[in-house]
Every structure is written in structure tokens, then in C-alpha cells.
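K.L.:
have a look at this prediction, sequence included:
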Amino acid sequence: MTSSAGHFPDARAPRLFFEWLLALGVSLATALLLIAPFFWLGNVSGHDISFHASSWLDVAGQWREGIVYPRWAEWANYGFGEPRFIFYPPLSWMLGAALSFVAPWNAVPGVFIVLAQGIAGLCFFALARRYLPRRGALFGAACYTANPYALMVIYMRSDFAELLACTLLPLLVGASLQLCGLSENRWRSQARATAVFAVAFAAVWLSNAPAGVIASYSVALLFACAAIEEKSLAPLLRGVGGLALGFGLTSFYLLPAAYEQRWVNIAQALSSGLLPSQNFLYTLIEDPEHNAFNCIASSVAILLIVLTGIAGLAARRKATRETEDSGKLWRVLILLATAATFLMIRVSSVFWTYLPKLRFVQFPWRWMAILAVPYGYFVAAGLPRRRWGWVWGAAVLAVMGGTAAVLVQKTWWDSEDIPVLREALANDQGFEGTDEYDPLDDDHSNLPQKAPRAQILPTEGSEGSAPKVEIQIERWTAEERKLLVKSEEPVRIALRLLNYPAWRVEVNGKVVTPERGESSAQMILTLSSGTQRIAARFVRTPDRTLGLAISVMAVLTLLALLNAGGSRLLSASP
């Protein structure tokens, strides 16, 4: 009788477990070094710290209200709100809010960075270990965790969503290579390879939309490269299937975000200073602050390009003496690095003009996110043996340490960002809104910073005086507002709420259409005399229902693919 090999424990399991444990230790240790300045300088006050911290605070508050998946940012626009969570991918603001339940608020940014970069090191180790010895893969994990672009995002930008997306890019690249056939499919099943790719692809999109666009074009390039190398359309067809499943998994977020753009001032995402044409390497505009930062970003990009080129040449010499897979990987990563470099310079402007949605990446230097993957691999693959390995490693670490030291000096440190936001929420004041998420016909700069939840407005012929009215607020949460208004004459009441199509307003149980303010989209209701019950609820619109249905079907398809892959594995057992 022949026993199945699956009945015996894998002799390699303890060694593999030790390797992964070691990779986790190296990644977390490197991530802790990245936040070492936080311990004596406080939190970094990068460009996007207020946006992300305010989102975390808002989401944590809504969870306490019982709202599991927030859509409306209650405290944006100083309490008038905005549909921020419909348009901004959910993983980063959910993770930040969740961390607040296990760590003090001022420690959340540092914990977020350590967690994200720890995962980044593990994802890179998963890619590199397939082609490199343990020593090289561990060194690559450390280098990717502290790559120059990650340092810039951490110290200068405080873009936690993009940082989270970058952690997953090595995993996505590895899954893409298996799916398109440029490397051995170790899942032993096309179905499983498709499922793993779709999950990684969806996770990038659910972390950061610009990173999702970059990832989409990057994997499309890989699939096209595989089709040319194999002289077959099969890699493209497999890629299309994986992309379709990945987009299906994100539909609960992506479909409403795409559809409801018509309800907000989304064009503000490409306002002056945010256009790709103004952010190519070393581009100057009539804004000194913009120019100063673009110079820093450009210098980091040049450093990353040069390091990738030098390490790529060193890795090439070793790749020619090793496996065919190593040679293929070198060519693929060189292609990715070349494409990323090209798209950061002005000669690529025609692509930014005509390629769908590429302009919403905004900053061409964001392509450093994908360039960091070839950088990490080449640095690890080019690591010499014996004593020269120590020289190579010391040189790379010196460059990373020097880059970090410069950025630490260039950035702004201020631990009061989160406490100030918390105080604003405690005082029922809220925080500043976002231009591109502002509902149509609203100018949030005209909204008062301290407004009552409900205000009686003068009526026509009242000579500017408002009638005496009794207002009782029965319920006021992020997605539901209930008020009782008693008046002996008709009144107009202004709610501290912006008019948005997803808000359903009822007066005494009958649906009404609110008016808008003269200079903003503030919700205004005209009420007759007597007792009026007002109920405003943020309802599920058809696009959200359709998006959720597509995601549910995609999850069922994903489970079927994983099950099909498992069945093939079982049938192949001796």
C-alpha cells in the first residue's frame, strides 16, 4: 500500500518556519529603526498627516456608534461632513482606527509604520527567497523595508495609505510572475495562482488608488512581456482573468467611487500643483514651497534610479551564472525599472495625457513605489559572497542611513497634530474638508467653522429676525439625524449638513427635497407651523448595492478557484 505524502510532516517545515521568523524579526527591527527619531522628536507632521489622522478619529468614533463600514465623514468641513469614505480606499483608515483601540492616539502613526513596514519586509522576502539564498533574501527584506521612497513617504509625506499599498507590491509582482508564466507556478494550479494574484491586486487598490493605477499598468506590462516571450496570447488571457477577479473583489468600493464622482468636485484632485505636468522630476512652477518639495522628491528618485542601476549591473553578472528563472526575473525587473524611470521624466508627458486614469496618479515620482521592488531585489541579488559582502552591505546601509538623516532634518516634527484634532472633535467643531470630495455646488471655504447643528433662518418679510422656535435634537450620528421642531409659524431651518444625493430627508414621514444655501450646499428645510419631525438618513444608493453584489460574486468565485486548486493538488498526490 502506498501512503500519501501528505500524511507525513514536511521535514523542511521547521527550517522554513525559522526562515520566516527570522525574516519577520529583520523586517520589524528595520521598521523600528525607521521610527527611532519618533522617540525623541515626536511624530512627523508630513503633508498628509491631518487627512489620515482625522480619518482615523472619525472612523473610530463611528465604530463606537455602531457603524461598521463608514461612508460619510461626519466631522469633515467642520461638522458639515463629506463623502470621504466612499472615495478613499478603506484599508488604511480602518487599520489606523483599529490601532487606536490598542495604542495611545499619539503612538498610532509609529505603530502603523512599524506594522506596515514589517509586512513589507515579509512580502519582499516571499518574492526574493524564491530566487536567492536566505542571506540575500533577508538583506533584501531589510533594504526594501527602508528603501529611499519609503523613507520619503514616512518622513516627508505621512501618506499612510500609499505606505500600506507599497508593502504589498512585492507580493503582487511575485503573483504576477507566476500567473503569466514568467516563473514557476509554485501553487501548482492555475486557479490558485489567479486567486492569489487577485487578492494581492485587490489589496493594493483597497489601500491607495494612485498605487492601484500604478499596479494596474505595471502588471499589464508584465503580462504583455510574457505574451511576447512565449509568443502566445495565453499570458494575456490569464492576466485579464486575474485582473477581472481583482477588480470584482474591489467593486464594493471602486464602483461607488467611480459612479459618485459626478456628485462631487472630483476635478479638484487635479488642481494647480497636483497636475502631472507640474511634478515631473525637477519641474519648477510659481510656488516656492512646491518647488522645494519637488526638488527633494526628485533627488530621492535620482538616488533610487542610480542605486537600482548599479545594483542591477551587479545582479546581472550573477544571474547569467544561475537559473533560467533568475535571468527572466532580471529582465522583467529591468523592464519595470526602465518604465518607472521613463514615466518620471517630462518626455513621457504624452502617456500621462492619453493613458486612462494615469493622470490621477498626480505625481510622476510616485512611480518610485514600483521602482523600489527592482531596487530591493537587485541590491540583494548583487550581494557578493565572503568579505566583499560586508563591504556591499555596509555601503547600502550607509546610503539608506544618510538618506534618512537628511529627510529627518528636512521634515517638520509636531506631536500636536492628533491632540488638536481630538480637541476639535470634543468641542463639536470638526476639521477642514477635502476639495475633491466636496459635494457639487459647494464651496467649503464659505462654511462657518463653528455652526450649530440646527439654526433657524429669517423668513421673507421678517426684516432679518428669526422666529422663536423650539428645537429638540433626538439623535445625531454620522449617518442619522433626528430633530423635533415646534413653531407657531412657518420657518426655515439650516442643518449642519451638506446636501448630498445619498441623504434621504423626511419631514413627518414624507420624503422632501432640501434646498441649498446661497454660497454653499448646506441643507435647508422650509417647514410649516406646528410640530415637525425631521429625519435625515444616509441611505444605500443603487451603485453601492450593485458594487457589493459584484464583490460577493467575486468572493464566491475566489473560493471556487481556491477549492479547484486544492482538488487538483489532491488528485495529483501519489
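P.N.:
Everything's here; your move. Numbering: from 1, shown residues only.
K.L.:
below-threshold pLDDT in the stretch 1-150 of the chain: ranges please.
P.N.:
Scanning the stretch 1-150 of the chain with the threshold set as pLDDT under 70 gives 1-12.
K.L.:
all helices of it, in order?
P.N.:
13-34, 38-41, 49-64, 84-87, 90-99, 108-128, 134-145, 148-152 (DSSP state H, counting those that start in this stretch).
K.L.:
identify all contacting residues around the second one.
P.N.:
Helix 38-41 is contacted from outside by 44, 109-110, 408, 413, using Cβ atoms under 8 Å, 6 or more residues apart in numbering. Bear in mind the C-beta positions are built from the backbone N, C-alpha and C, glycine included.
K.L.:
quick revisit: can I get the helices of the stretch 1-150 of the chain in TSV with mean neighbour count?
P.N.:
Formatted as TSV, the helices of the stretch 1-150 of the chain follow (neighbours: other Cβ atoms under 10 Å):
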stretch	mean neighbour count
helix 13-34	16
helix 38-41	12
helix 49-64	22
helix 84-87	24
helix 90-99	21
helix 108-128	24
helix 134-145	25
helix 148-152	25
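K.L.:
turn the ones you listed into CSV, columns for distance to A203.
P.N.:
Converted to CSV, the helices of the stretch 1-150 of the chain look like this (distance: least, Cβ to Cβ, whole Å):
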stretch, distance to A203
helix 13-34, 18
helix 38-41, 26
helix 49-64, 18
helix 84-87, 18
helix 90-99, 7
helix 108-128, 10
helix 134-145, 17
helix 148-152, 17
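K.L.:
picking up where we left off before, list just the nearest of the contacts of helix 38-41 to Q62.
P.N.:
Of all those, Q62 sits closest to P109, with 20.2 Å by Cβ to Cβ.
K.L.:
in contact with the closest residue to that closest one other than its chain neighbours, which residues?
P.N.:
Using Cβ to Cβ, 6 or more residues apart in numbering and skipping the chain neighbours, the partner closest in space to P109 is N43 (5.2 Å). If you count contacts by Cβ under 8 Å, 6+ apart, N43 has them with 49, 106, 109-110, 413-415, 417-418.
K.L.:
tell me the pLDDT at G433?
P.N.:
Predicted confidence (pLDDT) for G433: 93.
K.L.:
gap between the residue lying closest to it once chain neighbours are set aside and L57?
P.N.:
Nearest in space to G433, with sequence neighbours left out and distances taken as Cβ to Cβ, 6+ apart, is N77 at 3.6 Å. Relative to L57, N77 is positioned 15 Å away (Cβ to Cβ, to the nearest Å).
K.L.:
do the same with I113
P.N.:
Counting by Cβ to Cβ, the gap from I113 to L57 is 18 Å.
K.L.:
got it, and R481?
P.N.:
Counting by Cβ to Cβ, the separation of R481 from L57 is 20 Å.
K.L.:
now I266
P.N.:
I266 is 24 Å from L57, where distance means Cβ to Cβ.
K.L.:
ok, now I228?
P.N.:
Distance of I228 to L57, computed by Cβ to Cβ: 49 Å.
K.L.:
how about A398?
P.N.:
39 Å.
K.L.:
on that earlier part again, OK, contacts around the residue nearest to G433?
P.N.:
N77 neighbours (Cβ under 8 Å, 6+ apart): 430, 432-433, 438, 444, 447, 498.
K.L.:
give me the most central residue, this protein.
P.N.:
N208 (2.2 Å; Cα atoms, centre = their mean).
K.L.:
any idea of the pLDDT on that residue?
P.N.:
Here the pLDDT value assigned to N208 is 97.
K.L.:
show me the contacts for it.
P.N.:
N208 makes contact with 89, 92, 159, 161-162, 164-165 under the criterion Cβ under 8 Å, 6+ apart.
K.L.:
L132 and E289, how far apart?
P.N.:
Distance, L132 to E289, using Cβ to Cβ: 42 Å.
K.L.:
for those two, indicate the residue with more neighbours.
P.N.:
Neighbour totals were compared for L132 and E289, and L132 leads with 23 against 8 (other Cβ atoms under 10 Å).
K.L.:
any idea how far T145 is from that one?
P.N.:
For L132, the distance to T145 (Cβ to Cβ) stands at 16 Å.
K.L.:
one more: A297?
P.N.:
To T145, A297 is 20 Å away according to Cβ to Cβ.
K.L.:
L546: how many residues sit nearby?
P.N.:
15.
K.L.:
that one reaches A258, doesn't it?
P.N.:
No: applying Cβ atoms under 8 Å as the test, L546 and A258 come out as separate, 11.3 Å apart.
K.L.:
quote the end-to-end distance of stretch 185-196.
P.N.:
11 Å (Cα to Cα, to the nearest Å).
K.L.:
buried stuff in it?
P.N.:
For stretch 185-196, burial by neighbour count (16 or more other Cβ atoms under 10 Å) applies to 187, 189-196.
K.L.:
and of those residues, the nearest to A31?
P.N.:
Out of the buried residues of stretch 185-196, the member with the shortest distance to A31 (by Cβ to Cβ) is V196, at 24.6 Å.
K.L.:
on the pLDDT front, check the closest one for me.
P.N.:
Looking at V196, its pLDDT is 94.
K.L.:
tell me which element it falls in.
P.N.:
helix 190-205 (DSSP states H and E).
K.L.:
in a helix, Q532, correct?
P.N.:
No: Q532: not assigned to a helix; according to DSSP: H, G, I helix; E, B strand; the rest coil it is strand.
K.L.:
could you give the backbone dihedrals for L483?
P.N.:
Per-residue torsions, L483: phi -130, psi 150 (degrees, to the nearest 10).
K.L.:
excluding its backbone neighbours, what's nearest it?
P.N.:
Nearest to L483 is I534, by Cβ to Cβ, 6+ apart, at 4.5 Å.
K.L.:
for the one you found, grab the count of nearby residues.
P.N.:
Applying other Cβ under 10 Å, I find that I534 has 23 neighbouring residues.
K.L.:
how far away is it from V511?
P.N.:
Counting by Cβ to Cβ, the gap from I534 to V511 is 12 Å.
K.L.:
who's in contact with the residue nearest to A454 when sequence neighbours are not counted?
P.N.:
Leaving out its chain neighbours, the residue that sits closest to A454 by Cβ to Cβ, 6+ apart is I471, at 5.2 Å. Neighbour list for I471: 454, 456, 483-486, 493 [criterion: Cβ under 8 Å, 6+ apart].
K.L.:
where does pLDDT dip in the protein?
P.N.:
Checking the chain against pLDDT under 70 turns up 1-12, 318-325, 386-389, 460-466, 565-574.
K.L.:
the stretch 451-574 of the chain: helices as residue ranges?
P.N.:
Using DSSP H, counting those that start in this stretch, helices in the stretch 451-574 of the chain cover 542-571.
K.L.:
all strands of it, in order?
P.N.:
454-457, 470-476, 480-487, 491-498, 503-507, 510-512, 515-516, 522-527, 530-538 (DSSP state E, counting those that start in this stretch).
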